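> fold the stuff below for me.
(one chain, ligands or ions: 1)
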Amino acid sequence: MLLYEMAASPNAKRARLGLIESGAEFESREVNLITGEQKQDDYKKLHPLGRIPLLDDDGTVVWESGAILLYIADKFPDAGLLPKTLADRGQAYQWLTFGETSIHGYMGPMGFQMFRRKPEDRDEALLARGRQRMPEVLAALDRQLEGKEYIVGDFSIADCACAPWLELAEFFGIEMGEFENVERWMTAMKARPSWGG
Ligand SMILES: N[C@@H](CCC(=O)N[C@@H](CS)C(=O)NCC(=O)O)C(=O)O
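So this is what the prediction gives:
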């Protein structure tokens, strides 16, 4: 398996976490977003939108980090990256999608402003909206984590989908202090060998 990614990308980190946690062997290919490598014709033959991450599993190409996580969980069932019961899997799917829509929905556009625009060119209204709306998202996650080590109890791909963007929350000006369960869970995520891998 070959993962097209960039070390600094939180979306790529989602996929990388899942791959490392699966125990599978994979290779990594860095795509340089700064020089625009993702928009070159060769890469866009694989990914029509020219984005990372993308997984090439011996010719089976999957893009969208959530889809890659689900693919990995399906391919390596013994890794236990999804709960056993359908009811619990429903919860894992829900929180995986929450990572994409609610967390990335606000923080992805904020990331574009913070990393790809000069400070004087940033859309401050967009950043302010993200800072205003993220506490509601964090409160929902915090409630879910009450009394649980990971989002659906045991570690799952839902954790891989939600944690990478939240590592950047304070840098984006989002207050995390009141969300103690989220803070505890982020500490547990960062302690896993996969986090720095
Ligand atoms: N929903 C996609 C988002 C992918 C995405 O936007 N990736 C960013 C990097 S974090 C990217 O490739 N941006 C390059 C560009 O749009 O030019 C996913 O979860 O995989």
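> buried set for the host helix or strand of Phe98?
Phe98 belongs to helix 86-98 when assigned by DSSP states H and E. For helix 86-98, a neighbour-count test (16 or more other Cβ atoms under 10 Å) marks Arg89, Gln91, Ala92, Tyr93, Trp95, Leu96, Phe98 as buried. C-beta coordinates here come from the backbone N, C-alpha and C atoms, glycine included.
> could you tell me how far Met6 is located from Arg16?
When distance is defined by Cβ to Cβ, to the nearest Å, Met6 is 10 Å away from Arg16.
> now swap in Gln113 and tell me
For Gln113, the distance to Arg16 - Cβ to Cβ - is 24 Å.
> more crowded one of the two?
Using other Cβ atoms under 10 Å as the criterion, Gln113 and Arg16 rank with Arg16 on top: 24 against 17.
> counting contacts, what elements does the helix ranked longest in the chain pack onto?
If you go by DSSP state H, the chain has its longest helix at helix 124-145. Packing partners of helix 124-145 (3 or more Cβ pairs under 8 Å, 6 or more residues apart in numbering; DSSP states H and E): helix 86-98, helix 104-116, helix 180-191.
> show me what it is in contact with.
95, 98, 102-103, 106-107, 109-110, 113-114, 151, 162, 166, 169, 172-176, 179-182, 184-185 (Cβ atoms under 8 Å, 6 or more residues apart in numbering).
> average pLDDT across it?
For helix 124-145, mean pLDDT rounds to 97.
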